[in-house]
Every structure is written in structure tokens, then in C-alpha cells.
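Trainee: Let's see this in three dimensions:
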Amino acid sequence: MIETVDTPLVEVRGVRHVYGDHRESKPLILDDVNLTLRENEIVGLLGRSGSGKSTLLRSIAGLIRPTEGEVLFPSNPDVEGATSVAMVFQSFALFPWLTVQQNVELGLEAQRVPAPERKRRALAAIDLIGLDGFENAFPKELSGGMRQRVGLARALVVNPSILLMDEPFSALDVLTAETLRTDLLDLWGEGRMPIKSILMVTHNIEEAVLMCDRILVFASNPGRIAAEIRVDLPQPRNRQAPAFRALVEDIYARMTARTGASPIGEGLFPGTGIGMVLPEVNTNSLAGMMEQIAGSPFNGKADLPELADELMMEVDELFPVAETLQLMRLAELGGGDIRLTPAARRYVAADVDARKQLFARHLLSYVPLAAHIRRVLDDRPNKEAPARRFRDELEDYMSEDYAEQTLRAVTSWGRYAEVFAYNEAADIFSLENPT
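Mentor: I've put the predicted structure just below:
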């Protein structure tokens, strides 16, 4: 492990971020985030989608301005030149009409570096990340892994102090992602990259433990640092080593720990009553997870890391399903485990109609918005209500996007349970089908 230096490269102080206007009803994306990045370390921002990790990264990159707080780059008299940053995006973000070399030269061209120097540095960066021979290829001729290597070369060619990476491997297949992670760690460990530190966003717990010296676990709604974990395992790290597995287990346990009655950071369900933000989880995923946990080898109780491996799901895929089951009292989360409730066991053993009836009872009992929609429909003579009415109510508690997401989720669950019907063309809820 490379020895870290106490001199900070960047300091984030009290950063808060609100999208849209600054009304009190607008949800915070980030709240009171403080972070220090030092030389010779890889730091991971780990958390589920929507926890503000990418927003923080873009604030550090200068792409957006936080609502409150500041991002500082302290000067270091022992280091020549100012601290600079470069960013690698999840989506590759290459210009399709430019060759590999032209894409890599873009940052240097923006800095008005002379053409001969641009070419020399671009070719060196292309060679460094293993794409020598593809200088004149266009992005459409490259695989996903090769395109991401171009993005990495484009970031490195400007000789940044800090390399920011926003889920750089999530768009790649498993084998390609693993190869690129290994190559990046090799370059870092050998000191061949012209950077002092790496700050990366991920929602993959094993990836964070594999690559990082420190992991900052983000809670959601609003996004904030819930835990800081130091990874003292030597590189290269073995995923099957007991110490590696123990650390992965510890992170899962922290992310399912309870503070009072709520999971850490309130999980995906902040607020109370109809003001709870709901994730878009389809009922097939809920049923599939219950069936998987009920069957062998789990027999009703599963270790979350093992379940994630079995289902090939990452944190931002696994947790919304698991927490929705918890919300509906079909599962219990804690200590890095998920356990089916007796109701869930009955669901797994039931036929289609009995499953729908059980799901309907739990939906109306434990999801206030579903019960609210059903009450309104029951009370109206024509048994109909415009969806706009419920969107407006939700927007008193959350942003328009969250309101739309929450209504789509409860609509899907209500349709499956035959608690109410929804006509998309007319945008109307009704009791046309339910009895």
C-alpha cells in the first residue's frame, strides 16, 4: 500500500445541495458533507443510486456549484503548480466523429498546448492504458472496455493531481470490468500514472474493498457520509481471503444497521405517511427474491453478500428490493442478513390468486399512499380520481421527480394486487377491476 501524505489535495466543507429552487419542501440531495482527500490514496464513495455521490464528485470537479458549503484546494508550497482534477465518466462520453487520438487530445487542445506536444502526450497516454495501435480508430470500432480506456487516457493526459471516476466500470461486462480494474491498480501501484490521488464513485461493495484505501459510505435522502471505513489489506487483494470477506460483510451489516426504527440513513423510505419516497421495484423482483431466499441453500434467511452473488445484483439493485420487502413486512433486514417473515413464506407457497390477496393486504396495511388512494376511490360516487390529484399531494413532500417515481411504484403494486386500476391514457385511478 502506498503511504499517504498528510497534505490535503482537496477539502469539502459543509456541502449541501438542493435541486431546483430552494423551498423548504424541496429535498436535499447532499447535506453537510465533509471530506478530505490526501495524496497517495484511493478513496471510494459507496452508496446506492440517489445518495448524491455523483453530485459531490461533480461539485469537486467544478461542474456544478453546491447550494451551500465550499470545495477547497489547499496550496502546497512543496508541490509545483496548482491542484487540478480530471474526470472519467460512466458513459465513456467520447465524440464519435473523432479518432482515439483526437479524443485524447481534446483536453490539451482546450489548454492551448501546441500540436506537436499534444500528439506526443496523447500517444504516450494511449500507450500507457494499453491501446497502442488504435490511435486512428473511431469509438464505434472499439469495445466498451476499450472506449473506457480512451476516457481514462483523456483524463490522464492533462496530468491531473486528482483523478475523479464516476462508476467507471458499471457499464462494462463483468470480465472487462475486472481486467480494467486490475490494470488501473497495477498502473497506480507502479506509480506510472501522473496523479496523486483517486476519488471514485461506486455502488459495488466488493469493488470498493478491492480498490480503495478508504471507503465513505453514503446514506440517502439526503446524501451524507454515514460511515468511514479504512481498508488496511495489502495489494493485490484476494476476494476470497477471510479478511476481505469479513470487511465486505461488515459493510453490508453497516448498511442494514438500524438507528431506532429505521435502516441507516433511512434507506429508501424517508418521511412518514404518504410522504414516503418509494423505489420503482417491480413485483416480479419482489416475488423472485422471496422465492430465492425461501429455497435452498438459504431456507428463509440469507446473508446479503451471498445473496448478491447468487442473484448477480449490486447494492443499488439489491437494496431497493430488500427494503421494499421490509417495508411490506415480508422480510426483516439487519446485521447484513435478510430473513423472510411468516407472511412471505406463505406467499411463496401460495397459488397466484392467494399471492395477490396476501400482497394486497400488506400493501394497504403498510404503504400509506396505497391505502390513501384506495380510500379516496372508495369515497367517490364514480369510484374514480385523477392521478394529478395524488401527484400534487406528493409534491408537498418531495420533488416532482420523486413524486412521479413514487406514484409509478405504487401504481404498479396496486395493479398487481388488484387494489385499484389505472388508465394511463386518461391518467385516472379507478375501482373498475377491483371488487
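Trainee: domains of this structure?
Mentor: 5-255, 273-347, 353-430 (automatic domain parsing).
Trainee: what number of residues lie near F244?
Mentor: For F244, the neighbour count with other C-beta atoms under 10 Å is 17. Just so you know, the C-beta spots here come from the backbone N, C-alpha and C atoms, and that holds for glycine as well.
Trainee: looking at the domains of the chain, which has the lowest confidence?
Mentor: Among these, domain 5-255 has the lowest mean pLDDT, at a mean of 84.
Trainee: hey, which helix is longest across this protein?
Mentor: helix 400-417 (DSSP state H).
Trainee: tell me which residues of it are tucked away?
Mentor: Judged by neighbour count (16 or more other C-beta atoms under 10 Å), helix 400-417 contains these buried residues: 402-403, 405-407, 409-414, 416-417.
Trainee: could I get those residues as CSV with distance to L94?
Mentor: As requested, those are exported to CSV (distance: C-beta to C-beta, whole Å):
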residue, distance to L94
Y402, 32
A403, 35
Q405, 30
T406, 35
L407, 36
A409, 35
V410, 39
T411, 38
S412, 36
W413, 40
G414, 43
Y416, 41
A417, 45
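Trainee: Out of these, flag the one nearest to L142.
Mentor: For these, the closest approach to L142 (C-beta to C-beta) belongs to Q405, at 34.3 Å.
Trainee: The nearest residue to the closest one once chain neighbours are set aside: neighbour count?
Mentor: Closest residue to Q405 apart from its sequence neighbours, by C-beta to C-beta, 6 or more residues apart in numbering: E280 at 5.8 Å. Residues near E280, counting by other C-beta under 10 Å, number 15.
Trainee: for M146, same thing?
Mentor: The tally of other residues near M146 (other C-beta under 10 Å) stands at 19.
Trainee: any idea how far it is from P139?
Mentor: Separation of M146 from P139 (C-beta to C-beta, to the nearest Å): 9 Å.
Trainee: same deal with L175?
Mentor: From L175 to P139 the distance is 21 Å (C-beta to C-beta).
Trainee: Which strand runs longest in this protein?
Mentor: strand 5-18 (DSSP state E).
Trainee: Can you check the distance spanned by stretch 34-46, start to finish?
Mentor: Between the opening and closing residues of stretch 34-46 we find a distance of 15 Å, counting by C-alpha to C-alpha, to the nearest Å.
Trainee: So what does the closest residue to I64 other than its chain neighbours look like in phi/psi?
Mentor: Leaving aside its chain neighbours, I64 sits nearest to R58 (4.8 Å; criterion: C-beta to C-beta, 6+ apart). In terms of degrees, to the nearest 10, the main-chain angles of R58 are phi -70, psi -30.
Trainee: Sticking with M398, tell me its helix or strand.
Mentor: Using DSSP states H and E, M398 maps to neither a helix nor a strand.
Trainee: cool, G107 as well?
Mentor: Applying DSSP H and E, one finds G107 within helix 100-110.
Trainee: From the contact counts, what lies against that helix?
Mentor: Packing contacts for helix 100-110, counted by 3 or more C-beta pairs under 8 Å, 6 or more residues apart in numbering; DSSP states H and E, involve helix 115-128, helix 144-156.
Trainee: re the thing from before, please identify which of L175 and P139 sits among more neighbours.
Mentor: Applying other C-beta under 10 Å to L175 and P139 shows that P139 carries more neighbours, namely 17 against 9.
Trainee: ok, now which ones touch that one?
Mentor: F92, L94, F95, P96, L98, V100, N103, R147, V150 (C-beta atoms under 8 Å, 6 or more residues apart in numbering).
Trainee: Give the buried subset of those as a PyMOL selection command.
Mentor: In PyMOL, selecting the buried portion of the contacts of P139, with burial taken from 16+ other C-beta under 10 Å, looks like this:
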select buried, resi 92+94+100+103+147+150
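Trainee: Next one: I2, what pLDDT does it get?
Mentor: pLDDT for I2: 52.
Trainee: Tell me which stretches of the stretch 101-250 of the chain form helices.
Mentor: Using DSSP state H, counting those that start in this stretch, the helices of the stretch 101-250 of the chain run over residues 115-128, 144-156, 174-189, 205-211, 242-255.
Trainee: So for K53, which of those helices sits nearest?
Mentor: Closest to K53 of the helices of the stretch 101-250 of the chain, according to C-beta to C-beta: helix 205-211, at 11.3 Å.
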